[in-house]
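Engineer: got a predicted structure plus its sequence, pasted below:
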Amino acid sequence: MRLTVGDRSIGFFDFDYIKMAGINKIGVSLSGGADSAIIFWLMAKYLPNDVQIIPWSSYEDSADPLKERPLTIEAAENIVAFVSNEFPDANIGEHYKFAYDRTCPIAYKEAELINIPSWPMYPMSTMGVVKMVFMRREKKKAFDNKLFGMIVGGITMNPPVEAMESDWRPPGWKNALGPKYEIRRSSESKITDKVKNRCYYNPFANVDKSFVAGLYEQEGLMDTLYPITESCIGFAHDTNWFTEPCKRCMWCWEKYWAFGSYDGGRQ
């Protein structure tokens, strides 16, 4: 099928995904954010029920609560509950959840070896790369154990350059993320990619979050699914102990740019 918002249209599972995956179990990387939430919604709505959909989420587990952000996994759990209730006949498997610790010394050393100038995503926060280290491990485990044969992600393109260079943006976001961050999310990319018997699918790879916002409007989800998504990556001291979005991180800015509001529909 195709998804259309205004004059933009993209394919959505418009290929032989069962053959590509090798089995009839498809994972969805459910972060708790708006992009992966509506992908999960659309999968539950449109995929035949002989295909099992496996929600796959991570959560932070640290001895220091100041280094955790608990709302993302809570949002993911709420999204699974909401979509399961909306589509009781959809074949939704058990929510697979795994923990990661940004302070893990072994993972931190591995992240330091990855986060070097020759790496396409350099420079990133090493703590951020630690999460990627754990996610790589868990994806490998999931594929090896045939939890799913394909995993679907919600990555989108950056907003247009003129929006990213506007006066209204998070203070210092360019310096924090580096110039290659924009390149990583704004280059043409294959929608499906099979590497070492691991199949990845990013249906929103070539559209930005305004397209996603349009889908929420069309599906009538602005007052239901949208308010339970969480995009902010601020820690406790940034968010008044997680009672409000930080309104400074890239993800807060991008959500406001596309939807006109922050997490929870806040202004």
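Structural biologist: Yep, it's here. All values reported here derive from a predicted model rather than from experimental measurement.
Engineer: hey, which strand is longest across the chain?
Structural biologist: Determined from DSSP state E, the single longest strand within the chain is strand 52-60.
Engineer: which strands or helices does that one pack on?
Structural biologist: strand 25-29, helix 34-46, helix 71-86, strand 96-100, helix 126-144 (3 or more CB pairs under 8 Å, 6 or more residues apart in numbering; DSSP states H and E). Yep, even glycine has a C-beta here, placed from its N, CA and C like the rest.
Engineer: quick check: mean pLDDT across it?
Structural biologist: The average pLDDT for strand 52-60 rounds to 94.
Engineer: I'd say residue 207 and residue 156 touch.
Structural biologist: Yes - under the criterion of CB atoms under 8 Å, residue 207 makes contact with residue 156 at 6.2 Å.
Engineer: list the residues that contact both of the two?
Structural biologist: Common contacts of residue 207 and residue 156 (CB atoms under 8 Å, 6 or more residues apart in numbering): none found.
Engineer: among the two, which residue is more densely surrounded?
Structural biologist: Under the neighbour definition other CB atoms under 10 Å, residue 207 and residue 156 were set side by side, and residue 156 has more, 23 against 18.
Engineer: list the residues that contact the more buried one.
Structural biologist: 35, 185, 204, 205, 207, 208, 209, 211, 212.
Engineer: rewinding a little: which one of the helices and strands packed on strand 52-60 lies closest to residue 120?
Structural biologist: helix 126-144 (12.3 Å; CB to CB).
Engineer: tell me what the closest one is packed against?
Structural biologist: For helix 126-144, the packing partners by 3+ CB pairs under 8 Å, 6+ apart are strand 52-60, strand 96-100, helix 105-114, strand 198-201.
Engineer: any idea which of those gets closest to residue 140?
Structural biologist: Per CB to CB, nearest to residue 140 of those: strand 198-201, 7.6 Å.
Engineer: are we agreed that residue 10 is in a strand?
Structural biologist: Yes - with DSSP: H, G, I helix; E, B strand; the rest coil as the criterion, residue 10 is part of a strand.
Engineer: which residues does it contact?
Structural biologist: 2, 3, 203, 204, 206, 207, 211.
Engineer: now, of the residues you listed, which are buried?
Structural biologist: Among these, those buried by neighbour count (16 or more other CB atoms under 10 Å) are 3, 203, 204, 206, 207, 211.
Engineer: one step back: got the helices and strands packed on strand 52-60 as TSV, with distance to residue 163, mean pLDDT and mean neighbour count columns?
Structural biologist: Formatted as TSV, these follow (distance: least, CB to CB, whole Å; pLDDT from 0 to 100; neighbours: other CB atoms under 10 Å):
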stretch	distance to residue 163	mean pLDDT	mean neighbour count
strand 25-29	25	97	24
helix 34-46	17	98	23
helix 71-86	25	93	19
strand 96-100	32	91	16
helix 126-144	23	87	16
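Engineer: ok, back up a step: and the helices and strands packed on helix 126-144 as JSON lines, adding distance to residue 44?
Structural biologist: What follows is the helices and strands packed on helix 126-144, written out as JSON lines (distance: least, CB to CB, whole Å):
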{"stretch": "strand 52-60", "distance to residue 44": "6"}
{"stretch": "strand 96-100", "distance to residue 44": "16"}
{"stretch": "helix 105-114", "distance to residue 44": "33"}
{"stretch": "strand 198-201", "distance to residue 44": "16"}
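Engineer: make CSV out of the helices and strands packed on strand 52-60 and add distance to residue 62.
Structural biologist: Below are the helices and strands packed on strand 52-60 laid out as CSV (distance: least, CB to CB, whole Å):
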stretch, distance to residue 62
strand 25-29, 21
helix 34-46, 23
helix 71-86, 13
strand 96-100, 9
helix 126-144, 10
